[in-house]
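> have a look at this prediction, sequence included:
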Amino acid sequence: MQSLTVKIRIFPDHPDVLRQLGKEYIRVVNQLSEQAEQLGVFPKVTTKDVESQLPSAVCNQAIRDAKSVYRKIRKLGTRPILKKPVYFINNQNYTVSENTVAFPIVTDGKAKKTTFCATMTSRDREWLGKGKSGLMRIVEKSGKWYAQISVEVPTSVTNNETIMGIDLGLKVPAVAVTSTGKTRFFGNGRQNKYIRRKYQQRRRKLGKLKKLSAIRKLGNKEQRWMKDQNHKISRQIVNTAIQEGVSIIKLERLKNIRKTARTSRKNARNLHSWTFYQLQQFISYKANLSGIQVVEVNPAYTSQSCPACREKNKAKDRRYECSCGFKTHRDRVGAINIMRQPVADGNSLSA
């Protein structure tokens, strides 16, 4: 099974009602967790014991969330205080159809299951149709309202043992090599550096003008661009894996990558800000949906060890040459060695 989040755009006629309910939900959770902290134990409470302006089904969910917060108090030693308005509904109390979403809200002091017009992608609709729906989360983002639903989607299983190794980098975002001999390069490192440099220059100019709000908006725009690039690269990688009949994708373990990765001083900022982990997560969940297992390997010396004789050499720019006669692109060497590496600590990379 693969856990996913389906995002549905909803169009409330009275958004202030949802906004107030979100604040009320957070207030109830914070109040109950504070009481539990003072008592040293979470008390046995029902919706009758809680004064709130929430529907009883939603209030029950708030009680469960307060218990979860209290468990964190015992674990962390401090009480997390929730601030961002949010509204949770369990899967027994909402319904989703082709163009609508219905869930209980309180209007004029009465709880009523209300239907909202909604839009979703065909892919999200497909996941909802074949998966098991969990909690629904109502949130507001930049003035737009969304219903986010967690879904457990079954994954298919392949029996083929073709393996793909993937090397991640800055100049070439991803290089994939399969055990059948297929090699493919993904992404455009030069374009990525240009876009990042352009945003950096804009932030610098805005900083001199003290336009902090504009800097934040620009940062969000850059993050959205990066996310889009990672989605596109991961989709291309998984499509290639499907075409080649790959059953296992091996990725380098990213722990300490920023300390161990090769980089020049001019590339240092890009290394520390590029979202390697996000790209791995996108590859992982898309691969798992296609029945392809994703595992981690130790990346130590994968870019230096010769795939032919195992001698260690340092590449010159993007070219790798060994005294045994083996020659190829440096990142291709990394992908070949990652493909051949044993699984790190015997554990799979969770999607």
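Cool, got the structure.
> hey, let's count contacts and neighbours off CA atoms from now on
Will do.
> outline the domain layout of the chain.
Following automatic domain parsing, one finds the domains of the chain at 2-153, 162-348.
> the closest residue to Asn90 other than its chain neighbours: which element?
For Asn90, ignoring the flanking residues on the chain, the nearest one in space by Cα to Cα, 6 or more residues apart in numbering is Leu135 at 4.6 Å. Under the criterion of DSSP states H and E, Leu135 resides in strand 132-141.
> whichever helix or strand comes after that strand to strand 132-141, inter-axis angle?
Toward the C-terminus, strand 132-141 is succeeded by strand 144-153 as the next helix or strand (DSSP H and E). Orientation of strand 144-153 against strand 132-141 (axes from the mean of the first three to the mean of the last three Cα atoms, to 10 degrees) gives an angle of 160 degrees.
> distance between strand 144-153 and the chain's centre?
When C-alpha coordinates are averaged (Cα atoms, centre = their mean, to the nearest Å), strand 144-153 and its chain have centres 14 Å apart.
> helices or strands next to that strand in the packing?
strand 2-11, helix 122-130, strand 132-141 (3 or more Cα pairs under 8 Å, 6 or more residues apart in numbering; DSSP states H and E).
> list the buried residues in the second one.
To tie it back to what came earlier, the one meant is helix 122-130. 124-125, 127-128 (16 or more other Cα atoms under 10 Å).
> what about that helix, average pLDDT?
Across helix 122-130, pLDDT averages out at 85.
> pull the residues that contact it.
By Cα atoms under 8 Å, 6 or more residues apart in numbering, the residues outside helix 122-130 that reach it are 6-7, 151, 153-154.
> circling back to that earlier point, show me what the strand holding Leu135 pairs with in its sheet, parallel or antiparallel.
Strand 132-141 has the following strand partners under DSSP bridges: strand 87-89 (antiparallel), strand 144-153 (antiparallel).
> CA atoms only: put the longest one into CSV for me.
Taking Å, rounded to 0.1, in the frame of the first residue of the first chain, the C-alpha atoms of strand 144-153 are listed here in CSV:
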residue,chain,number,x,y,z
LYS,A,144,-8.1,29.4,-1.8
TRP,A,145,-9.8,26.5,0.0
TYR,A,146,-8.8,22.9,-0.3
ALA,A,147,-9.9,19.5,1.0
GLN,A,148,-6.9,17.3,1.5
ILE,A,149,-7.6,13.6,1.8
SER,A,150,-5.1,10.9,2.8
VAL,A,151,-5.5,7.9,0.7
GLU,A,152,-4.0,4.4,0.9
VAL,A,153,-3.6,3.1,-2.7
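> just the buried positions in that strand, please.
For strand 144-153, by 16+ other Cα under 10 Å, it's 145-153.
> returning to what we had before: now the residue nearest to Asn90: how far from Gln61?
9 Å (Cα to Cα, to the nearest Å).
> then Leu54?
10 Å.
> neighbour count: the two, which is higher?
Leu54 (25 against 19; other Cα atoms under 10 Å).
> excluding its backbone neighbours, what's nearest that one?
Val106 (6.4 Å).
> show me the beta-bridge partners of that neighbour.
Judged by DSSP bridges, the bridge partners of Val106 are Ala111.
> can you read off the backbone torsions of Tyr320?
Dihedral angles of Tyr320 (phi, psi; degrees, to the nearest 10) stand at phi -110, psi 130.
> who touches it in this structure?
313-314, 327-330, 333.
> what's the helix or strand hosting Val29 packed up against?
Element membership for Val29 (DSSP H and E) is helix 15-39. The helices and strands touching helix 15-39, judged by 3+ Cα pairs under 8 Å, 6+ apart, are helix 56-76, strand 87-89, strand 100-107.
> pull the distance from that helix to the chain's centre.
27 Å.
> let me know the angle separating it from strand 132-141.
Going by the same axes, to 10 degrees, helix 15-39 makes 110 degrees with strand 132-141.
> list the buried residues for helix 15-39?
Those would be 18-19, 21-30, 32-34, 36-37, for helix 15-39 by 16+ other Cα under 10 Å.
> look at the closest residue to Tyr277 other than its chain neighbours and give its secondary structure.
Distances taken as Cα to Cα, 6+ apart place Leu254 nearest to Tyr277, at 7.2 Å, with adjacent residues excluded. State at Leu254, reduced to three classes by DSSP: H, G, I helix; E, B strand; the rest coil: coil.
> wait, Leu254 sits on Leu279?
No: under the criterion of Cα atoms under 8 Å, Leu254 is not in contact with Leu279, lying 11.2 Å apart.
> between those two, which one's more packed in?
Higher neighbour count among Leu254 and Leu279: Leu279, with 21 against 17, using other Cα under 10 Å.
> least confident of the domains of the chain, on average?
domain 162-348 (a mean of 80).
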